[in-house]
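Trainee: No sequence on hand, only this structure:
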């Protein structure tokens, strides 16, 4: 391009042509410094600190203990995935065949575990499932068993805990696929003489399989890197690869070996991610996706449920109870006064909340959690929104690359980021302040904001921008008065995600805080790992309250706008 | 495929279906369908024709009344055991199965032997002219071909009744006409009792042995196409099927209906037995003739006339004679609609 003489504007023109990069740069910089650098430095260690070696990988492949951990990780992930798929069908079916109000309630029930801190969930499950827990006392009370059944600290505990939180990934795409199913396709099969079970296995399953497989891939990918649930709800035989990584960093101090394990875990996760992207496309990860049929969506007709349908609905209801049980148990329990975790509570008392607030250890941790969350929300909202807006203003080839790169922190197992950041931050003292943790949380949370704002931008008509600028508004004014108000719901949703990501995180906190900077979830983790006392239940109740308040605030703000 | 044993008779008695406690989708339906005949449920959307079809198929339950097939009440019979062939409006082919597997599905459900399934599917596909397409997936076929697969799938099970829900609605006009001809020939050949839903009156006239004209959940008139055309029960029937002019009855109360092709204007009206004074509106050339409008006693009438009729040369606004033969006038029992 030639610039005419006496036209000294190239700087301004250059800026306008590359304005998109201005928005993208901050998030890109953060992800390079606080994601790529720590993860790559960690992975490099797996090939030896001085000179190239594969000895760590050889050890993983040959030592029986490590091979069995890999096998355990694989087995637990496969079982969890299968359970998620099998249990999701009845819930998705129930959701598709009830009235709109009941459906809304079911969606809340399905998403609730998702929104609940992993520690609250784990705590609640232990309280329900342990030897003298609620379930065992119920079973012994009605005489089904004379001795407590071991539900927890073994394989069943891990599977219950992991299936509980990972199920939404299958239920939602499956529900979308069921709704995309043409009602007349099902009726045609019935009319041709197919009984309910035949309709299910020969028509419904093949036609909804893409949705189920998409969900199952995400579940499997997530399950591989699970840390908190197997650590707290499993026994020694359920040690998964993430625990092995943490153990090698924390106790064995064998960084090279931990790095090699991380390489294996990250490699497996990335292979699955690439496969998923090839087969289903990235949009599926966030949208669920469904059929594109023109006919009437699958629903219940006036004929009512068949025997098979009734069975499905009852199973769906049972799974819904499973999903909501921890919340239903833990909150009322925190309001009792008994020191023995009675359910249902015999009286109403704020005793354990008082004890929580009288203890500086707990209050300090709560305040620190809120501080970290505030920094994280601010950072993630600014960086994520700027990057999302910037992305629309760069070339399509880069856009596609960055769209994938920016979601990598959501895909990579958190334990790898935690260990990598620890490796990077510990020498420079960032672990002793809240900033190290806040940076880590921002890396995790900014992609959420990026995605929700990207989704909101899809509804933003670019002509609005042109109209405003055509009416004489500078770009900044246009952004403030037109663009941001239109995409505000997306920004708010991202902020809520960011808050909850930070407020609920345990894994980063385990590595990036010390006894003076620990957050509420870390303090709870230390307690749950030893013994659950009622103050922990009160802390869990508080976390639920804060989460519900944030979600309610988001709901009110979004309602008000629409 | 061997011709079906003659289809079963269908009797509907007092069938009612209420939606949301107020709207009567079916408001007391009585209908007899002779074995092997082709019965069309004709009506505008919301008239209840599709609801009646779905009740026959078993996809909706009625609130009252009964449906008898061959004398047996099928109310309590589940859909899967009704032995009914259904062709859906959007065909509802199983998208993940080939044409052959789609057609074989109903036979597999009936545990027919593998060799027999192969032979019957082959015959059914040959019947609709698709024997070369068995290995294709539905999405690889044109709309008309998909429609024929749906028909083969419904027929191959040798159903007691064949139900069709606006099966030609999604096709373009030329294709629709050619399939209508095939459908008519096919029905003559296999003789299944057929219930056909459409809102298209020409389609109904062309295909049916019996037409049941529906409006607001009721059957307004049922009979052979000629009955409904020449002896409509009321104004609604007369104007739903074809065009109709309405004039006061020459003697007594009420009014008569007159088809445009039986309405005479100008010179040709002079010889008519009944003659009225009118004013010519316009004469529009339609190729085969003229569409002439005229006003008689404040009522606008339409007449269809040949393309050699001199009335077309008259200036609009001229006084003309309008006439008809009393044998062509249709009288209605009720005049309220």
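Mentor: Yep, that arrived. Nothing here was measured: the structure is a model prediction, and the numbers come from that model.
Trainee: Doesn't residue A:468 lie inside a helix?
Mentor: Yes - according to DSSP: H, G, I helix; E, B strand; the rest coil, residue A:468 belongs to a helix.
Trainee: Nearest residue to it in space, please, no chain neighbours.
Mentor: Distances taken as C-beta to C-beta, 6 or more residues apart in numbering or on different chains place residue A:478 nearest to residue A:468, at 4.2 Å, with adjacent residues excluded. Using the backbone N, CA and C atoms, a C-beta is placed for each residue, glycine as well.
Trainee: Enumerate every residue touching the nearest residue to residue A:407 once chain neighbours are set aside.
Mentor: Distance criterion C-beta to C-beta, 6+ apart; nearest residue to residue A:407, sequence neighbours excluded, is residue A:447 at 5.1 Å. Residue A:447 makes contacts with A:384, A:406, A:407, A:408, A:409, A:410, as judged by C-beta atoms under 8 Å, 6 or more residues apart in numbering or on different chains.
Trainee: circling back: helix, strand or coil: sort out the residue nearest to residue A:468 for me.
Mentor: helix.
Trainee: What's the separation between it and residue A:105?
Mentor: Plainly put, residue A:478 is 41 Å away from residue A:105 if you go by C-beta to C-beta, to the nearest Å.
Trainee: Have a look at those two and say which one is more surrounded.
Mentor: residue A:478 (20 against 15; other C-beta atoms under 10 Å in any protein chain shown).
Trainee: and residue B:256, how far is that from residue B:249?
Mentor: From residue B:256 across to residue B:249, the span is 5 Å (C-beta to C-beta).
Trainee: wait, residue A:402
Mentor: From residue A:402 to residue B:249 the distance is 81 Å (C-beta to C-beta).
Trainee: and the residue in the stretch 201-337 of chain B that chain A sits nearest to, how many residues sit next to it?
Mentor: Proximity of the stretch 201-337 of chain B to chain A (C-beta to the nearest C-beta) peaks at residue B:217, 15.0 Å away. Per other C-beta under 10 Å, the neighbour tally for residue B:217 reads 24.
Trainee: Quick one: neighbours of residue 87, just the number.
Mentor: Answering for chain A, as no chain was given. Around residue A:87 there are 21 residues (other C-beta under 10 Å).
Trainee: oops, I was thinking of chain B
Mentor: So residue B:87, with other C-beta under 10 Å, has 27 neighbours.
Trainee: Please apply the same query to the one 10 residues further on.
Mentor: As a burial measure, residue B:97 scores 17 neighbours (other C-beta under 10 Å).
Trainee: Which helix or strand contains the closest residue in space to it that isn't next to it in sequence?
Mentor: Nearest residue to residue B:97, sequence neighbours excluded (C-beta to C-beta, 6+ apart): residue B:105, at 7.1 Å. Counting by DSSP states H and E, the element that carries residue B:105 is helix B:99-109.
Trainee: buried residues in that helix?
Mentor: Buried residues in helix B:99-109, counted by 16 or more other C-beta atoms under 10 Å in any protein chain shown: B:99, B:100, B:101, B:102, B:103, B:104, B:105, B:106, B:107, B:108, B:109.
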